[in-house]
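S.K.: What follows is a predicted protein model with its sequence.
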Amino acid sequence: VCGSRCTLAHTESGKIYSWGYGRHGVLGLGGEEFISEPTLVRSFEDTLISTLACCSEHVVAKTDKDKAYSWGSGGEKRLGHPDSADKLVPTLIENLPEYKILQIDCGFNISAALVATNKITVYYKFQHYSFSLFGLNTIEDLFRAASNYWHIEQ
């Protein structure tokens, strides 16, 4: 996946490599420097990543154990953490419910996780406000409801 000035590669074995311009910690390597060649994101050495999404200044990842991590620019609380601080390494998003994560995605000022409960629920952050949508019965309902806030490729 590509951000505006970085690239992250998700291998078949569930590992992540990143390189490029590391502003705000978007590479997940612990710094903000430019990295010229693919470098293993060591935070996930013992964790398998199943899904990865990247925007211009932040990244979200889903593990095979249905945990979500984010890193990069924390501006406007887009990482899903209680603060707006940049995260230079992948950081667990602790406020997601303990449900199966179906999908993660991110846009310019937003990170999102679609989780399975007895109903489909999406949690997302947009600028300084937190929103939840409840009562969506199908994936199509979710995409229609969310289309005003961020772009998802189906």
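M.R.: That came through fine. All of these numbers come straight from a predicted model, not from anything done at the bench.
S.K.: all helices for this protein, in order.
M.R.: Under the criterion DSSP state H, helices of the chain are mapped to 139-146.
S.K.: ok, Glu33 to Gly22 distance?
M.R.: Separation of Glu33 from Gly22 (Cβ to Cβ, to the nearest Å): 5 Å. Quick note: C-beta positions are derived from backbone N, CA and C, even for glycine.
S.K.: Have a look at the two and say which one is more surrounded.
M.R.: Shown here are Glu33 and Gly22; by other Cβ atoms under 10 Å, Gly22 has more neighbours (22 against 10).
S.K.: ok, the nearest residue to that one once chain neighbours are set aside - contacts?
M.R.: In this structure, Gly22 finds its nearest non-sequential neighbour in Glu32, 4.7 Å apart by Cβ to Cβ, 6 or more residues apart in numbering. Glu32 makes contact with Gly22, Arg23, His24, Gly25, Leu88 under the criterion Cβ atoms under 8 Å, 6 or more residues apart in numbering.
S.K.: Ala61 too?
M.R.: Ile16, Phe44, Ile49, Thr51, Leu52, Ala53, Ala68, Tyr69, Ser70, Pro90, Ile104.
S.K.: So what pairs up with it in the strands?
M.R.: For Ala61, the beta-bridge partners are Leu52, Tyr69 (DSSP bridges).
S.K.: Show me which pair in the contacts of Glu32 is furthest apart.
M.R.: Arg23 and Leu88 (10.7 Å; Cβ to Cβ).
S.K.: Next one: Phe74, what pLDDT does it get?
M.R.: No Phe there; residue 74 is Gly. Listed pLDDT for Gly74 reads 91.
S.K.: how close does it sit to Glu12?
M.R.: For Gly74, the distance to Glu12 (Cβ to Cβ) stands at 30 Å.
S.K.: Which one of the two is surrounded by more residues?
M.R.: Neighbour tally, Gly74 and Glu12, criterion other Cβ under 10 Å: the higher count belongs to Gly74, 21 against 5.
S.K.: Pull up the distance across stretch 6-24, start to finish.
M.R.: Across stretch 6-24, the terminal residues are separated by 12 Å (Cα to Cα, to the nearest Å).
S.K.: can you map out the strands along the chain?
M.R.: Applying DSSP state E to the chain gives strands spanning 6-10, 16-20, 35-40, 49-54, 58-63, 68-72, 87-92, 100-107, 110-116, 120-126, 129-136.
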